[in-house]
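Asks: How does the following fold in three dimensions:
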Amino acid sequence: MPSASIRHQLFIDGSFVNAESGETLATLNPHDNTTIADVALAGKADVDRAVAAATRAFPAWSRMAAADRGRILLKLADLIEANAEELAQLESLDTGHPIRDSRALDVPRTAACFRYFGGMADKFQGETIPVEAGFLNYTLREPVGVVGQIVPWNFPLMFTSWKMAPALAAGNCIVMKPSEITPLSSLRIAELMQEAGLPDGVVNMVPGLGSVVGQYIAEHPGIAKVAFTGSTATGRRVVEASAGNLKKVQLELGGKGPNIVFEDAFLPAAVNGSAWAIFHNQGQACIAGSRLVLHEKIADAFLDKFIPLAQSIRLGNPLDPETEMGPLTSALHRDRVLAYVDVARKQGGEVLVGGKAPGGELARGCYVEPTIVRARSYRDRVAQEEVFGPFVTVLTFKDDAEAMEIANGTDYGLGSGLWTSNLQRAHKMARDLHAGMVWINSYKRVNPGSPFGGVGQSGYGREMGFDAMREYTQVKSVWVNVDAQIPPHFKR
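Replies: A predicted model of the protein is given here:
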């Protein structure tokens, strides 16, 4: 089990401190809804303290040699790996992620992200531009300043690294709001940052309510940029709140990923890949393949394999290494997911499997059985709205044109996938899909070097890779008169 010394306070200016109000909020174990810890609940005054600390730290941090910033991030990656088992258990306890996934995916990806951007810190550079004779024109990539970052509850450990690593590598200082539902792993990362040698005030963490702290971060005049991951509805409010000082905004929002299986697909791989696409992390992923779009010729054969696979998934305590699917992260969200089963039935959908919470000892937790629903139309609510759970909608198509119509038939555009052995079709579909990411004969692959983000109602801006460094820098153009002879414009 994680250490009993889990930090429960805010992290501001290099110290763990109580909220100014003294308020706390219980963070619950979604396996049985027992209290793990009472965590300090930040308010506006705490955000002001965090912004002030970040503002003080910014000049020295931004002017530090990029290689030195990188070394701190590389040290942090080493410390994450050295504390991997503690972090994995903490993440599983707080979120419901199966421990097998926290160990094999969440913690290694977190370390890999800090290591990638630690290596990039001194390799991100400006350009020289050929302009008119006699002038040297070059660009500088400068940090934005103090950035606000709002992290969701579904992958708190991993998203902490996705947000922080490029911002720190570029020389920014941070005020981060971890989710008040799952703050523990982010606060543990703050401890490891201290151990890695991060200067005081460079990173500040203020877990609090989105309606209070998230809103205030988005509108705060001392914050130059806000990066938000969460729902599309909340993303719109972030944009509105940011208008006061015209801060930069980066949004990674909802998704309704189409996962298309063509008649020439290799079915065993497509079945297993499609189960991973929707049931990994209980379907609580913006890139989940939540719309299973099957060619009518193979739909029955696919479902004959897919349904038993879904029924065989082992639900249980996320700290049990045998568990394949844990609980959803909160009771409120479990109830929201289950409500979509009624929505599906009212619109003529057929529940093929699941659609309920399990009984027995799991009834105390936030569990939902793997659920497969055959929809009547791609315009049905369950095929349009993000359910964000272990809930997949099945649709069928006759030809490539209809598959594309269904795939692009929502306002979202984040992740998408397709399974085919036809290379020409694969590239054409990848080109025409309205999405920020396309996986061919796979699904949900991510890497620190590959840009991650969406289009349409899925937001704008990119996490990861060189694109993330661009998101956290601004360009300055410098003109130098080397030997240009400029005649006077005004003659006396």
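
Asks: okay, how far is it across stretch 235-249, tip to tip?
Replies: Distance between the two ends of stretch 235-249: 10 Å, counting by CA to CA, to the nearest Å.

Asks: Report the distance from it to the chain centre.
Replies: 19 Å (CA atoms, centre = their mean, to the nearest Å).

Asks: Give me the residues contacting it.
Replies: 144, 150, 214-215, 218-219, 221, 223-228, 251, 253, 459, 461, 471, 474 (CB atoms under 8 Å, 6 or more residues apart in numbering). The way it works is simple: take the backbone N, C-alpha and C, and place the C-beta from them, glycine included.

Asks: tell me the helices in the stretch 51-200 of the chain, going along the chain?
Replies: Remark: helices assigned in the stretch 51-200 of the chain by DSSP state H, counting those that start in this stretch are 66-82, 84-95, 99-101, 107-120, 156-169, 184-196.

Asks: what's the second one packed up against?
Replies: In this structure, helix 84-95 makes packing contacts with strand 24-29, helix 99-101, helix 107-120, helix 156-169, helix 184-196, judged by 3 or more CB pairs under 8 Å, 6 or more residues apart in numbering; DSSP states H and E.

Asks: Could you single out the most deeply buried of these?
Replies: Looking across the helices and strands packed on helix 84-95 with neighbours counted as mean count of other CB atoms under 10 Å, the highest average goes to helix 156-169: a mean of 27.

Asks: Now that one - C-alpha only, CSV.
Replies: Extracted as CSV, the C-alpha positions of helix 156-169 are listed here (Å, rounded to 0.1, in the frame of the first residue of the first chain):
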residue,chain,number,x,y,z
PRO,A,156,-4.1,12.3,-13.0
LEU,A,157,-0.6,11.0,-12.8
MET,A,158,0.0,10.8,-16.6
PHE,A,159,-1.7,14.1,-17.3
THR,A,160,0.3,15.9,-14.7
SER,A,161,3.4,15.0,-16.7
TRP,A,162,1.8,15.8,-20.1
LYS,A,163,1.0,19.3,-18.8
MET,A,164,4.0,20.1,-16.7
ALA,A,165,6.9,18.6,-18.6
PRO,A,166,6.8,20.8,-21.8
ALA,A,167,5.9,23.9,-19.8
LEU,A,168,8.9,23.5,-17.5
ALA,A,169,11.3,22.5,-20.2
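
Asks: how near is the nearest residue to residue 129 once chain neighbours are set aside to residue 482?
Replies: Setting aside the residues directly before and after it, residue 129 is nearest to residue 137 in space (CB to CB, 6 or more residues apart in numbering), at 4.5 Å. Here the criterion is CB to CB, to the nearest Å. By it, residue 137 lies 10 Å from residue 482.

Asks: who has more neighbours, these two?
Replies: Between residue 137 and residue 482, counted using other CB atoms under 10 Å, the more crowded position is residue 137 (14 against 8).

Asks: Could I get the pLDDT score of the more buried one?
Replies: Looking at residue 137, its pLDDT stands at 98.

Asks: what's across from it in the sheet?
Replies: Residue 137 has the following beta-bridge partners by DSSP bridges: residue 129, residue 479.

Asks: Which residue lies nearest the spatial centre of this protein?
Replies: residue 159 (5.1 Å; CA atoms, centre = their mean).

Asks: list the contacts for that one?
Replies: By CB under 8 Å, 6+ apart, residue 159 lies in contact with 151, 152, 229.

Asks: my guess is residue 376 meets residue 348, correct?
Replies: Yes: using CB atoms under 8 Å, residue 376 makes contact with residue 348 at a distance of 4.2 Å.

Asks: Looking at those two now, which is surrounded by more residues?
Replies: Using other CB under 10 Å as the criterion, residue 376 and residue 348 rank with residue 376 on top: 14 against 11.

Asks: Now that one, what are its backbone angles?
Replies: Main-chain dihedrals, residue 376, degrees, to the nearest 10: phi -80, psi -40.

Asks: Which residues are in contact with the residue nearest to residue 129?
Replies: 128, 129, 130, 131, 477, 478, 479, 480.

Asks: if I look at it, how far off is residue 466?
Replies: Relative to residue 466, residue 137 is positioned 22 Å away (CB to CB).

Asks: Sitting in strands, which of the contacts of stretch 235-249 do you find?
Replies: Residues of these located in strands (DSSP state E): 150, 225, 226, 227, 228, 251, 459, 474.

Asks: Number of residues surrounding the fourth one?
Replies: Residues within reach of residue 227, counting by other CB under 10 Å, total 27.

Asks: and the residue nearest to it when sequence neighbours are not counted, what does it touch?
Replies: Residue nearest to residue 227 in three dimensions, not counting chain neighbours: residue 250, with 4.2 Å by CB to CB, 6+ apart. Contact partners of residue 250, counting by CB under 8 Å, 6+ apart, are 225, 226, 227, 228, 459, 460, 461, 471.

Asks: Would you mind giving the residues you listed as CSV with pLDDT added?
Replies: What follows is these, written out as CSV (pLDDT from 0 to 100):
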residue, pLDDT
225, 98
226, 98
227, 98
228, 98
459, 97
460, 97
461, 97
471, 97
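
Asks: can you name the two of the residues you listed that are farthest apart?
Replies: 225 and 459 (14.4 Å; CB to CB).

Asks: between these two, who's got more neighbours?
Replies: Set side by side, residue 225 and residue 459 show more neighbours around residue 459, with 28 against 22, by other CB under 10 Å.

Asks: From residue 78, how far out is residue 85?
Replies: Taking CB to CB as the measure, residue 85 and residue 78 are separated by 15 Å.

Asks: Those two: who's more crowded?
Replies: Remark: of residue 85 and residue 78, residue 78 carries more neighbours, 16 against 13, as counted by other CB under 10 Å.

Asks: Show the contacting residues for the more buried one.
Replies: With contact set as CB under 8 Å, 6+ apart, residue 78 has these partners: residue 111.

Asks: try 7 Å
Replies: Residues in contact with residue 78 (CB atoms under 7 Å, 6 or more residues apart in numbering): none are found.

Asks: For residue 129, see how far away it is.
Replies: Using CB to CB, residue 78 is found at 39 Å from residue 129.

Asks: what's the answer for residue 109, then?
Replies: For residue 109 relative to residue 129 (CB to CB), the value is 37 Å.

Asks: Perfect, that will be all.
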